[in-house]
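K.L.:
My questions are about this predicted structure, shown below with the sequence.
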Amino acid sequence: MIPGAAGTDKEDAGRPGDLQSAGDGGAMEARFSYLCKSGLALDEGTAEEAVALFEESKQILLGILPSDGSGSAVEKSWSAFILYCVSGLCTEKKNKEKDEGRVKLFHILEAAKLNALDFLKEMPHFALKADNILSSHYGSDWEKRIGLKELHANVDQLCWLSRFYKKAYYQFFKASGRCSWRNLSGLDDYVSDYHYFGWLLFLALRAHAFSRFKDLVTSTNALVSILAILILHVPIGLRNLAISTSPFLVVKFLSYSDKKSEKGVDLLASLSQTYNASEEELKSMMEKVNKLIVDVLRKNPCHTSEYKTESLHDINTDELTYFKDLQDENALQNDLLVLDKHYNDIIKCDADLDERMFLNVEEILDANGSLNFSGDAINLFREPDNLGSVISPTKFIRNRVSPHPTASPVNGNFAGNLRMAQWTPVSTTMTTAKWLREVISPFPSIPSSDLQHFLASCDIDLTSSITHRASIILEAIFPSQFGERRIPGNLQGSNPMDSVWSEQRKLESAKLYYRVLEAICKAESQRLSGNNLTSLLSNERFHRCMLACAAELVLATHKTVTMMFPAVLERTGITAFDLSKVIESFVRHEETLPRELKRHLNFLEERLIESMSWGRGSSLYNSLVVARPALAAEINRLGLLAEPMPSLDSIVVHKSIISAGIQPASSHKHGGSSGKFDSQTGDSRSPKRLCGENRGLSADQNILASPVKENTTIFNSPKSKLPSLQSAFASPACPNPSTSGETCAEAGLSCFFNKILKLAAIRIRSLCERLRLSQQILEHVYFLIQQILSQRTALFYNRHIDQLILCSIYVVNKIWNADLTFRAIIYNYKKQPQCRSQVYKSVYVNWSSIDSMKKGHEHVDIVTFYNAVFIPCVKPLLEELGPDKVESGIPASPRLSTFPNLPDMSPKKVSACHNVYVSPLRQSKLDALLAPSSKSYYACVGESTHAFQSPSKDLMVINSRLNCGGGRRIGGRLNFDLVSDSIVAGSLGPQNGSSGSSAAGTAIDGHVKTEHPDM
């Protein structure tokens, strides 16, 4: 048998059990046909297509049914999924401009008698199972056409908004108010009538006021405005606190000592300050809510100054509207009936889901306040996610232990630190939006005078070229005119964004782009000791990547569900590998970037490195054929090369930007690529031709054939040295101006491969510690990944780095005769924060490269890939991995490098003059994070004591707070083991330049309890 083969143990794969007997006499098909014709009354053509697809996918359904025979819920869910897909993709309807005939998901679930939330959690698993069949019938983009990602994003946002609204409501109002029994999400509960009224009003507002787009910032502003309506109208006896004493209603200071004006609390100003909302946007939203109340509830408005009531006492009533009969106890039930009926009309026409159910879903949400969409299990069961963490190759971390760290304002506005609570997706988003509003928006939407100076200092003045390109690319990302074809099933229909909203996002993106571009120009000017930056500023690909990065940050700030990554790549014509070249530079040159956006870019970089850059059509392959000519034949045969970047003119035509007032500019010398190679833009004439021109190069001439020298220093230098932006975006075959004897392709790939190895090292260590493997095995796994990247690079093509890590862990343990199964590896991998079930359930295999008897390609499970592809490919590399090599003392062949020196995990002192220590988190200590009594004494890596503040300043604030108090001392011992191993690894190591800059700790006079990490 092949060494390390995994085919002898069926349970290792973690596969489903034996297929159940298909001899059910066609009962399943009969039930499905009845559902189509009687339950939903589908037309004959759609019903026939749905039944045919159900019959074709029946074997998949039998494979996921539970063995105990209790598969009724799974069968119903699968039937609903098939119906939803066929309804959106049916060939008889996909060319229609409108989709009135499309059956809504709400109606499908109602007919199948399914709980919507349970079904939504299973959809990703069903999509993965049915991908091959649906792709063969409807094309590989079927998931995009029915808007599955948008549906999941919309559901997540509604869950976040529900938690935010519930918490905010009970901060202002008592829970003992008038309640009624309602079954909203399948969970019987009593819900306050006033609470329910506000949620219905919010859903109606979403449908009427901003139905063309749904983003988290706008939705939060809507909920805050509805809170204002409730504060004005809910009976005063149901309030938790008086208006005059509420810590949540503090206006902007009129003077240092005057916290309230003579007329009372400025309600909108207070709410905007409490929830980091824009006061102007709240006023605008209030007008829309008032109009909705008039139009739907038929209430007569009056100015608050004209109506005196107890509920308005202590409130500044200027510019506020009051409805005399609103929230009156006698009229409340009637108002609820009217809003319920109105929303029923909405979901019949426009909605896929009954969003009323999200009012009461907190009990079934995960730790991040979302539904679990991982698709890892069937039978509506999920194992709790492990709250570990993972570090990306960049220095910015994504803390899954505390995804939204505890705020600790020090401005004294909130007595008793009532505002200090764990951050949520909503509060984090609003804080980030505040940064965009207060820091970026004041800048001009055109190049500043300093930037214009750099543009004019080039060989030709590039100012008009820069502004022209920015207007075209940003119009392509945020279209003002909506002439695009309607996509069946898309949540937003033919108008994914409102024109006004689009214009605002374009302005924000342009301002951020010009600001960072100016900072980069200043840094490059200092490095080159000159202002002529023609080679960089005339590079088309560089500017598109910068614009894409700026637009992505704006989209991430607002968290829109209509354009999710990688949409910006498609609309700008760049690839994932292109974008990976600017992310770190973008962060380094925008010092005010909030941590949430740094985490977002960090998350994107992980995605780019782990899999997206290895996908078909990535420009990574265009660099590989130059740096590694021996790989050119295989890359060409598989058709992996990227197509030439589309010109600006083609983007204008394709996106119909002419109608928006932007004309094609073929005369613009630097406006775009024409398909021919341009040494200034870095665009290739044709990737295939470029490949052929470099086949004469010897594989021995490039450093990537044996990447010893660049890999040995990556973990030992304070910061991994990035290639200059000029060489990163130059033509791959051009000589690197920074280093003689290598091409720009080699320099760029060297940096990219270093990032891959760093990411691999951290994930290998995390998973090996979870599996309790020895240090020797860990080092051998890392060594094997290095060898694969260097000598078997083709294994990365169209695959995920975690797939190779899982296989490497298994084969190394087999060689060392360790008792470890694939089932155990996958079980522990599921606990990793980056885990996706597609990684081990769907691995790309091109059979024509392996078996001459097989043709085509498919996606198989990890064990099949391991036996058929991985072992035959890496077998020559396994000779140096056995224990006999170590025990015999025979010198092994030179290795690429040892396992990187990740930081020590034991508690360490991080201050020379104070008793400041940090120690890693034990899994058993996670509960300490939830203790309100001790929370204020701790600081987690990634936590901010003030918006947009650096970690070093945060540490100073924490130390200062604990050392103050007129001589009062903190008694007892404080435990600082609140940071996970991987978080510490990313924040205390030498790659950050300072052991204390990102650390968490505090200064105390006394002993610190020493904790060691679990192994």
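P.N.:
Yep, that arrived. Every value quoted in this text rests on a predicted model; they were computed, and no experiment measured them. Residues are numbered from 1 along each chain as shown.

K.L.:
Tell me where this structure has strands.
P.N.:
179-183, 188-192, 301-303, 321-323, 843-846, 857-860, 908-909, 917-918 (DSSP state E).

K.L.:
Worst mean pLDDT among the ones you listed?
P.N.:
Across the strands of the chain, strand 908-909 has the smallest mean pLDDT, namely a mean of 54.

K.L.:
Can you pull out the low-pLDDT segments for the stretch 401-550 of the chain?
P.N.:
Residue ranges of the stretch 401-550 of the chain with pLDDT under 70: 401-422, 481-498.

K.L.:
repeat that for 90
P.N.:
Scanning the stretch 401-550 of the chain for pLDDT under 90 picks out 401-424, 479-502, 527-532.

K.L.:
the helices in it, which residues?
P.N.:
Assigned by DSSP state H, counting those that start in this stretch, the stretch 401-550 of the chain shows helices spanning 425-435, 449-456, 463-477, 499-528, 534-537, 540-558.

K.L.:
quick one: which of those is nearest residue 636?
P.N.:
helix 540-558 (22.0 Å; CB to CB). Heads up, the C-betas are built off the backbone N, CA and C, glycines and all.

K.L.:
so that closest one versus helix 425-435, what angle?
P.N.:
Put simply, helix 540-558 runs at 130 degrees to helix 425-435, going by axes from the mean of the first three to the mean of the last three CA atoms, to 10 degrees.

K.L.:
For helix 540-558, name the packing helices and strands.
P.N.:
helix 216-233, helix 425-435, helix 463-477, helix 499-528, helix 567-572, helix 576-580, helix 583-588, helix 595-610 (3 or more CB pairs under 8 Å, 6 or more residues apart in numbering; DSSP states H and E).

K.L.:
7 Å - rerun?
P.N.:
Contact partners of helix 540-558 among helices and strands, from 3 or more CB pairs under 7 Å, 6 or more residues apart in numbering; DSSP states H and E: helix 425-435, helix 463-477, helix 499-528, helix 567-572, helix 576-580, helix 595-610.

K.L.:
Need the winner for burial among these.
P.N.:
Most buried of those by mean neighbour count (mean count of other CB atoms under 10 Å) is helix 576-580; its value is a mean of 25.

K.L.:
Show residues contacting that helix.
P.N.:
Identification of contacts with helix 576-580 by CB atoms under 7 Å, 6 or more residues apart in numbering yields 541, 545, 548-549, 566, 569, 605, 608-609, 612-613, 615, 618-620, 752.

K.L.:
ok, so of these, who is nearest residue 859?
P.N.:
Nearest to residue 859 among the contacts of helix 576-580, with distances taken as CB to CB, is residue 615, at 13.3 Å.

K.L.:
Identify the residues contacting that closest one.
P.N.:
So residue 615 contacts 576, 798 (CB under 7 Å, 6+ apart).

K.L.:
just to revisit the earlier point, can you put the helices of the stretch 401-550 of the chain in a markdown table and add distance to residue 288?
P.N.:
Shown next, in a markdown table, are the helices of the stretch 401-550 of the chain (distance: least, CB to CB, whole Å):
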| stretch | distance to residue 288 |
| --- | --- |
| helix 425-435 | 19 |
| helix 449-456 | 38 |
| helix 463-477 | 26 |
| helix 499-528 | 13 |
| helix 534-537 | 43 |
| helix 540-558 | 18 |
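
K.L.:
Can you say which of these is nearest to residue 139?
P.N.:
helix 463-477 (23.0 Å).

K.L.:
Using PDB, list the CA coordinates for the closest one.
P.N.:
Extracted C-alpha coordinates of helix 463-477, given in PDB (Å, rounded to 0.1, in the frame of the first residue of the first chain):
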ATOM      1  CA  THR A 463      -3.800  64.700 -12.800                       C
ATOM      2  CA  SER A 464      -6.600  64.400 -15.400                       C
ATOM      3  CA  SER A 465      -5.800  60.700 -16.000                       C
ATOM      4  CA  ILE A 466      -6.000  60.000 -12.300                       C
ATOM      5  CA  THR A 467      -9.300  61.700 -11.800                       C
ATOM      6  CA  HIS A 468     -10.800  60.300 -15.000                       C
ATOM      7  CA  ARG A 469      -9.900  56.700 -14.000                       C
ATOM      8  CA  ALA A 470     -11.200  57.200 -10.500                       C
ATOM      9  CA  SER A 471     -14.600  58.400 -11.800                       C
ATOM     10  CA  ILE A 472     -15.000  55.500 -14.200                       C
ATOM     11  CA  ILE A 473     -13.900  52.800 -11.700                       C
ATOM     12  CA  LEU A 474     -16.000  54.200  -8.800                       C
ATOM     13  CA  GLU A 475     -19.000  54.500 -11.100                       C
ATOM     14  CA  ALA A 476     -18.500  50.900 -12.100                       C
ATOM     15  CA  ILE A 477     -18.500  49.900  -8.400                       C
END
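
K.L.:
same for it, what does it pack against?
P.N.:
Short answer (3+ CB pairs under 7 Å, 6+ apart): helix 463-477 packs on helix 449-456, helix 499-528, helix 540-558, helix 567-572, helix 648-654.

K.L.:
Please report the distance of residue 292 from residue 299.
P.N.:
10 Å (CB to CB, to the nearest Å).

K.L.:
what is in contact with those two at once?
P.N.:
Joint contacts of residue 292 and residue 299 (CB under 7 Å, 6+ apart) do not exist.

K.L.:
quick one: the helices in the stretch 251-400 of the chain?
P.N.:
Listed from the start of the chain, the stretch 251-400 of the chain has helices (DSSP H, counting those that start in this stretch) covering 267-274, 279-297, 329-349.

K.L.:
what angle do the last one and helix 279-297 make?
P.N.:
This means helix 329-349. 90 degrees.

K.L.:
Could you pull up the mean pLDDT of helix 329-349?
P.N.:
pLDDT averaged over helix 329-349 gives 87.
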